[in-house]
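*Asks:* Got a predicted structure here, sequence first:
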Amino acid sequence: MNQLLHSSLLNQLKQRKIVTQKDDPNDDEIMVSFANLEFDPEEENVPDNMIMSSKQFRILNNKINSLLQIQLRYVAKELHDLFVEQVSKVKEYVDLKMVKLKSEIAKEVDKMEKNYNVLYRMVNIVSTTIKKRVEFNTDYSIKLEEKSEKDSQVFTKQEEFLTSIKESISKADLSNQSSVS
């Protein structure tokens, strides 16, 4: 019975234009007006079967309001379902994009870590080489200073020796000149 009323009302609503408020009403506050409904109660040629009592009018009005509310709830439910479906599709799309983005970021982070490790090893090699060179140069300069001191002492001794030889030769020359004269 309800399905029959629903389909007949749906057909009637499709044939007429329905204007609804767009002020974000809830289901109970939706206002409906029929745009092309033509009936003038002041007209003189109104048939008797068109005139009804106020009680009949209220009953009919309540039935129409009930049917309209049912139909509006059905339409609102369909719109809600469509909206939820669209939101689900957008959510799936965004989730897929997020997975791709996370994957790309993970790849870039891996590349950065590999580059960091390579750079760290290179810096470590360079610092170790510099440290060894400094130690070698320090050892070499210490040895060079020690050798320089030894050589200085040797040169001093040689100068003393040469000076003593020179003096000996000078004395020997003087004694040879005195014996020759």
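*Replies:* Received, thanks.
*Asks:* in stretch 55-74, what's buried?
*Replies:* Neighbour counts using 16 or more other Cβ atoms under 10 Å place 67, 71-72 of stretch 55-74 among the buried residues. For every residue, glycine as well, the C-beta is placed using N, CA and C.
*Asks:* Quick check: longest helix in the protein by residues?
*Replies:* Using DSSP state H to assign secondary structure, the helix with the most residues in the chain is helix 54-180.
*Asks:* re the thing from before, could you dump the buried residues of stretch 55-74 to a markdown table with pLDDT and distance to Tyr116?
*Replies:* Output for those, formatted as a markdown table (pLDDT from 0 to 100; distance: Cβ to Cβ, whole Å):
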| residue | pLDDT | distance to Tyr116 |
| --- | --- | --- |
| Leu67 | 91 | 72 |
| Gln71 | 93 | 66 |
| Leu72 | 92 | 63 |
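*Asks:* nearest to Val109, of these?
*Replies:* Nearest to Val109 among the buried residues of stretch 55-74: Leu72, at 53.3 Å, using Cβ to Cβ.
*Asks:* and the buried residues of stretch 55-74 as a markdown table, adding distance to Leu144?
*Replies:* Supplementary listing: these in a markdown table, determined by distance: Cβ to Cβ, whole Å:
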| residue | distance to Leu144 |
| --- | --- |
| Leu67 | 112 |
| Gln71 | 106 |
| Leu72 | 103 |
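*Asks:* nearest to Ile130, of those?
*Replies:* Of the buried residues of stretch 55-74, the one sitting nearest to Ile130 (Cβ to Cβ) turns out to be Leu72, at 83.0 Å.
*Asks:* low pLDDT regions in the chain?
*Replies:* For the chain, the stretches with pLDDT under 70 are 1-52, 176-181.
*Asks:* how about a cut-off of 90?
*Replies:* Across the chain, the stretches falling below the confidence threshold (pLDDT under 90) are 1-61, 134-181.
*Asks:* quick revisit: which one of the buried residues of stretch 55-74 sits closest to Tyr120?
*Replies:* Nearest to Tyr120 among the buried residues of stretch 55-74 is Leu72, at 68.9 Å by Cβ to Cβ.
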